[in-house]
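Participant: Provided below are the primary sequence and the corresponding predicted coordinates.
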Amino acid sequence: MPNLILPLSNTQAKSLAGKRWTFNGRTYYFKSYDPAAPGQPPWKSGAEGKAFPLLDTNGQAAAYLKFFTTPSQVRLDRTRWLVAQQIHRWAPQLCAAPSAWVDSRQVRRPDGVEFDLTGCLATAALGETWLEMKYRLCENRTVLDKSLRWQCLRDLVAALARLEEAGIVHGDLSPGNILVNARSATGGPALSVIDFDAFAAPTTGRHLVLSVGAGGTYGTAGYCPPDLVRKAEAGDLTVAPYSDRHSRDMLLLELLLAGPELPPEAPPRDWPPDKLQLRYRALLATVPP
């Protein structure tokens with residue numbers, strides 16, 4: 001049987017830039033190269049694959065199409081199961097969860113493209129990564145309204161509570177995998193969770209938990225459960241995500257306390273205790289008795 005997941009080469013990715021594509025009655029455009037940065041590809045690359053922004057007819061980011069680097073039946077089974085849950089409909093904070101599996105052998109190819117492609121479609125959530133914002137906060141180049149900080153906390157807790165209720169672990173919660181929308185409209189989320197590639201659903205079947213040895217990830221050091229880092233560093237290839245609670249708590253601390261004089265590249269466990277105390281006391285001073 002031929003591979004059901006088709007890897008996307010860099011040459012193929014380049015040929016997609018600017019192409020028009022119609023899927024489920026909606027028209028998208030693969031993001032083109034920026035003339036001001038001709039050497040910078042319009043897609044984002046990671047260990048799992050490439051995420052290509054799809055623009056709407058107004059030129060705004062509407063979705064991402066994720067292409068996987070390593071084809072495998074396990075990867076396909078996991079992705080199809082995740083799409084079938086329709087998590088993007090569960091809560092506004094989860095709108096960026098995968099919503100469709102795309103296979104151009106079954107649906108229309110992008111215009112002018114002569115090769116087939118497979119990928120996972122997800123809505124583009126609004127905002128910027130918390131990692132980007134945290135750097136500006138800690139370098140005193142921006143401020144974050146206290147009411148927005150609290151809304152981000154509520155949104156993160158609400159999103160993760162919904163996942164936990166369903167027995168799903170995001171698997172790689174980190175500053176790069178949550179978006180903060182400082183211009184959120186009334187009633188809309190200030191924080192969204194993105195990048196569900198490392199998810200685990202341990203109560204539903206072993207194929208839904210992908211270990212490091214099988215090509216998965218255990219999360220991000222400093223945010224994932226510390227025992228996973230220790231085991232992985234000792235050479236244990238069976239490690240896999242099992243809980244979001246440690247990463248949740250680290251992110252809650254950051255969302256509340258991140259600011260000047262704290263190291264933006266470090267998780268809260270590595271913050272200087274004296275600086276942490278100062279930020280904590282400053283926070284308490286703003287809380288009504």
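Facilitator: Sure thing, it's come through.

Participant: Now do the helices in the stretch 151-289 of the chain.
Facilitator: Assigned by DSSP state H, counting those that start in this stretch, the helices in the stretch 151-289 of the chain fall at 226-233, 245-257, 273-284.

Participant: Now the first one: buried residues?
Facilitator: Within helix 226-233, the residues that count as buried by 16 or more other C-beta atoms under 10 Å are 228-229, 231-232. (Each C-beta comes from the backbone N, C-alpha and C, glycine too.)

Participant: CA atoms of that helix as PDB?
Facilitator: In PDB, the C-alpha atoms belonging to helix 226-233 read as follows (Å, rounded to 0.1, in the frame of the first residue of the first chain):
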ATOM      1  CA  PRO A 226      10.100  17.200  35.000                       C
ATOM      2  CA  ASP A 227      10.300  13.400  35.200                       C
ATOM      3  CA  LEU A 228       9.900  13.200  31.400                       C
ATOM      4  CA  VAL A 229      13.000  15.300  30.900                       C
ATOM      5  CA  ARG A 230      15.000  13.100  33.300                       C
ATOM      6  CA  LYS A 231      13.900   9.900  31.700                       C
ATOM      7  CA  ALA A 232      14.600  11.200  28.200                       C
ATOM      8  CA  GLU A 233      18.100  12.400  29.100                       C
END
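
Participant: if we can go back for a sec, most tightly packed of the helices of the stretch 151-289 of the chain?
Facilitator: Among those, ranked by average contacts under mean count of other C-beta atoms under 10 Å, first place goes to helix 245-257 (a mean of 20).

Participant: and the angle for that helix with helix 273-284?
Facilitator: Between helix 245-257 and helix 273-284, the angle comes out at 70 degrees (axes from the mean of the first three to the mean of the last three C-alpha atoms, to 10 degrees).

Participant: What lies in contact with helix 245-257?
Facilitator: Contacts to helix 245-257, defined as C-beta atoms under 8 Å, 6 or more residues apart in numbering, come from residues 130, 134, 149, 152-153, 156-157, 160, 170, 172-175, 178, 191, 219-220, 222-226, 267-269, 276, 279-280, 283.

Participant: got the CA positions of it in CSV?
Facilitator: Below are the C-alpha coordinates for helix 245-257, written out as CSV (Å, rounded to 0.1, in the frame of the first residue of the first chain):
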residue,chain,number,x,y,z
ARG,A,245,-0.8,20.3,34.6
HIS,A,246,2.9,21.2,35.1
SER,A,247,3.0,23.2,31.9
ARG,A,248,-0.3,24.9,32.7
ASP,A,249,1.0,26.1,36.1
MET,A,250,4.3,27.4,34.6
LEU,A,251,2.3,29.3,32.0
LEU,A,252,-0.1,30.7,34.6
LEU,A,253,2.8,32.1,36.6
GLU,A,254,4.3,33.6,33.4
LEU,A,255,1.0,35.2,32.4
LEU,A,256,0.6,36.7,35.9
LEU,A,257,4.1,37.8,36.6
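
Participant: Report the inter-axis angle for it versus helix 226-233.
Facilitator: Angle, helix 245-257 to helix 226-233, by the same axes, to 10 degrees: 120 degrees.

Participant: of all the helices of the stretch 151-289 of the chain, which lies closest to residue 29?
Facilitator: Of all the helices of the stretch 151-289 of the chain, helix 245-257 sits nearest to residue 29, with 33.2 Å by C-beta to C-beta.
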